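[1] I'll drop the sequence and a predicted model, then ask my questions.
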Amino acid sequence: MTSDPVPCVLTPEQVEAFWRDGVLTVPDAVTPSQLAALRADFDGWVAESRTHEAPYGETVDGRARFDVQPGHSPEHPALRRVQAPTEVSAAYREVMADSAMVDMVADLIGPDVKLHHTKVNSKLPGAATEVRWHQDFPYTPHSNTDLVTALLMVDEVTELNGPLEVLPGSHLGPLHSLWHDGVFTGAVDDAVAADMRRDSIACFGPAGSVCLMHTKLAHGSAPNLSDRSRTLFICVYSAGDAAPSAPSPVPTVHQGLFVRGSDPFRIRSVPYEVETPEFPRGPSFFTQQEATATMPPTG
């Protein structure tokens, strides 16, 4: 957390590609020692999850910190989400605030950058976790749209272990509703999702790479069909002059922390309309998507 300017990490061509496509994957976003520390802590959480039958732990809002996939067992652990890992891990806190990944985000939306929230999404081997198509911004609306989701690949991401699938350029288009027939599904309409999937690309990379994604970019992911884990450390950052317009779905004591630059003491607004999101009642948005996955198509 420094107010001193840092040298640019991304090239002008990479910055241009991000704003054109809404996504950019870059290798070596953390040091080898940082990556090893992240892996060690996550392995410890997986081992701990074997002693639990249901979501457990507690975050600042009283919901479970550790979310497990239905079917989780000691023999086949399925830890799929850690809420606000920066609150319980020095390794995750360091990477969130002091890594090349943060410098890359500053190259895109800086110089003043603050944290919104963090989480770990994991698909252990054979896990059935699937992320239905959506945009992040309707979950976390702000006064302006300069928000970046940094998805750090703690494991190598391949074609088979449930990579992120994105629709390039969709961040320049409309915000799609996550409400259908009066129910907050956390996903876009099935027909819209089918169109998105048809023109999508998958984001791969070796461990230590980061996928930088605009929070208006449409995306989803399939289950892990391999025998290799796919774990992502996800940090959502905003420009310093972007003010949240709704409660965070992943509250944390670190929300609003300036990781680059300082508070400009002003709020910048841009015109847009979005439906108010529904705050998740369960441990994570996975439960919202699962609860409505069998709803009939609306379009």
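    Okay, I see it.
[2] Let me see the contact set for the closest residue to residue 71 other than its chain neighbours.
    If the residues on either side of it in the chain are set aside, residue 71 comes closest to residue 78, at 6.2 Å by CB to CB, 6 or more residues apart in numbering. Glycine gets a C-beta too; all of them are placed from N, C-alpha and C. Counting by CB atoms under 8 Å, 6 or more residues apart in numbering, residue 78 touches 68-72, 124, 127-129.
[3] Which residues does the one helix or strand residue 25 maps to contact?
    Using DSSP states H and E, residue 25 sits in strand 23-26. With contacts defined as CB under 8 Å, 6+ apart, strand 23-26 is touched by 10, 14, 17-18, 104, 166, 168, 203-205, 209-214, 217.
[4] Report the buried members of the residues you listed.
    For the contacts of strand 23-26, a burial check counting by 16 or more other CB atoms under 10 Å picks out 10, 14, 18, 104, 166, 168, 203-205, 209-214, 217.
[5] And those residues, which is closest to residue 243?
    residue 214 (18.2 Å; CB to CB).
[6] Would you mind measuring from that closest one to residue 68?
    Going from residue 214 to residue 68 by CB to CB, to the nearest Å gives 30 Å.
[7] now do residue 257
    According to CB to CB, residue 257 stands 28 Å off from residue 68.
[8] Same question for residue 12.
    Separation of residue 12 from residue 68 (CB to CB): 44 Å.
[9] the more surrounded of those two?
    Between residue 12 and residue 68, residue 68 has the larger neighbour count (other CB atoms under 10 Å), namely 22 against 9.
[10] Who are the contact partners of that one?
    49, 52, 54-55, 77-80.
[11] again, only using 7 Å
    Neighbouring residues of residue 68 by CB atoms under 7 Å, 6 or more residues apart in numbering: 49, 52, 54-55, 78-80.
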